[in-house]
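Here's my sequence, what's the structure:
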Amino acid sequence: MIEAGVPNYEVSSWFGYFAPAGTPPEIVDRLNAEINKALQEPDTRSALEAQGSAELVGGTKERFGEFVKAEVAKWASIVKESGASVE
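Numbering: from 1, shown residues only. All right, here's what the predicted structure looks like:
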């Protein structure tokens, strides 16, 4: 991308789990704990890693929320700068 004149270009795909707004905090906490637990299982890790160059992260719901907010801000500014619009 640098050769194409686009400096500092970095993009990656990611996956995460979301719950509907209003889901009780204890349910969200339980889901988070179980997903993190599953990500530590060797069979789960190998199955997900076999799908490509995956980096399994896991973590807290707060950390994921911060990540999502940063991604939204990053892509919102890129879309705005591009002048793209929905038709």
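
Any figure for the gap between E10 and W75?
Computed as CB to CB, to the nearest Å, the E10 to W75 distance reads 12 Å. Glycine gets a C-beta too; all of them are placed from N, C-alpha and C.

quick one, which of the two is more surrounded?
Higher neighbour count among E10 and W75: W75, with 11 against 6, using other CB atoms under 10 Å.

Tell me which helix or strand that one sits in.
Assigned by DSSP states H and E, W75 belongs to helix 61-82.

How about W14?
Per DSSP H and E, W14 falls between elements, in no helix or strand.

What's the local residue count around V28?
Using other CB under 10 Å: V28 sits among 14 other residues.

list the contacts for the closest residue to Q40 other than its chain neighbours?
Among residues not flanking Q40 along the chain, G58 sits closest, at 7.7 Å (CB to CB, 6 or more residues apart in numbering). G58 sits next to I35, N36, L39, Q40 when contact means CB atoms under 8 Å, 6 or more residues apart in numbering.

Export these as CSV, with columns for distance to G5 and neighbour count.
Shown next, in CSV, are the contacts of G58 (distance: CB to CB, whole Å; neighbours: other CB atoms under 10 Å):
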residue, distance to G5, neighbour count
I35, 40, 14
N36, 41, 14
L39, 39, 14
Q40, 43, 10
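
Of those residues, which is the nearest to S85?
I35 (35.8 Å; CB to CB).

Show the subsequent helix or strand relative to the helix or strand hosting that closest one.
Using DSSP H and E, I35 maps to helix 25-40. Moving toward the C-terminus from helix 25-40, the next helix or strand (DSSP H and E) is helix 42-49.
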